[in-house]
Structures are given as C-alpha cells and as structure tokens.
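In: show me how the following folds:
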Amino acid sequence: METVNIHQAQTNLSRLLSRVELGEEIIISNRGIPIAKLIPFRTSSNRRASLGQDRGRFIVPEDFNDPLPKEILAAFEGNEE
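Out: Reported below is the predicted structural model:
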C-alpha cells in the first residue's frame, strides 16, 4: 500500500484513482500523518480483463538485454569521465 502526501494526491488524482479502480489502496498523509485512504468503491471483477490492454503498443527491441555502452554504464555508476 503506497502513501502519498496531499500535494502528490492533488497533482496526480486521476492517476491515483485509476490505480484504485484496479484494486490498489492508497493512503494520503499530511506531514507524515495518515489522514485518508483511497479504496475501490466496489472491487473490480473486471481487473483481469484490463491486463494486456496495451499489447502491441510497444515492441521490445531485439537488443533490449544487451549490455549498455561503456560511457552510459559509467554515467549510471557515477564514473563519468
């Protein structure tokens, strides 16, 4: 269960509600103190139907699992030269 602060909840309400609709529960806090919980109004019996909804919108490139180039790997590791 994720906790978000009031500002995050205001800024991302649509996204949070989409997640709640799929069955997640989200706590909204104020200065670290929980004040509310977003829960689904009704448990979605259609959750499985939403899985795979974006199939075909993204094709995984053939080189997806190939090692990163040395300069990019160095940047990730903080060894930029």
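In: what about residue 20, which SS state?
Out: helix (DSSP: H, G, I helix; E, B strand; the rest coil).
In: how many residues are close by the residue nearest to it when sequence neighbours are not counted?
Out: Spatial nearest neighbour of residue 20, excluding adjacent residues (C-beta to C-beta, 6 or more residues apart in numbering): residue 38 at 4.8 Å. Glycine gets a C-beta too; all of them are placed from N, C-alpha and C. Other residues lying near residue 38 total 19 when counted by other C-beta atoms under 10 Å.
In: list the beta-bridge partners for residue 38.
Out: residue 26 (DSSP bridges).
In: correct me, but it touches residue 21?
Out: No. Using C-beta atoms under 8 Å, residue 38 makes no contact with residue 21, being 9.9 Å away.
In: can you list the weak-confidence ranges in the protein?
Out: 43-49, 80-81 (pLDDT under 70).
In: 80 instead, please
Out: Low-confidence segments of the chain (pLDDT under 80): 42-53, 80-81.
In: picking up where we left off before, list the contacts of the residue nearest to residue 20.
Out: 16, 17, 20, 25, 26, 27, 28 (C-beta atoms under 8 Å, 6 or more residues apart in numbering).
In: buried among these? Need that as a selection in PyMOL.
Out: Entered in PyMOL, the line below selects the buried ones among the contacts of residue 38, by 16 or more other C-beta atoms under 10 Å:
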select buried, resi 16+20+26+28
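In: please tabulate the contacts of residue 38 in CSV, including the columns distance to residue 42.
Out: Shown next, in CSV, are the contacts of residue 38 (distance: C-beta to C-beta, whole Å):
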residue, distance to residue 42
16, 17
17, 14
20, 11
25, 14
26, 16
27, 20
28, 20
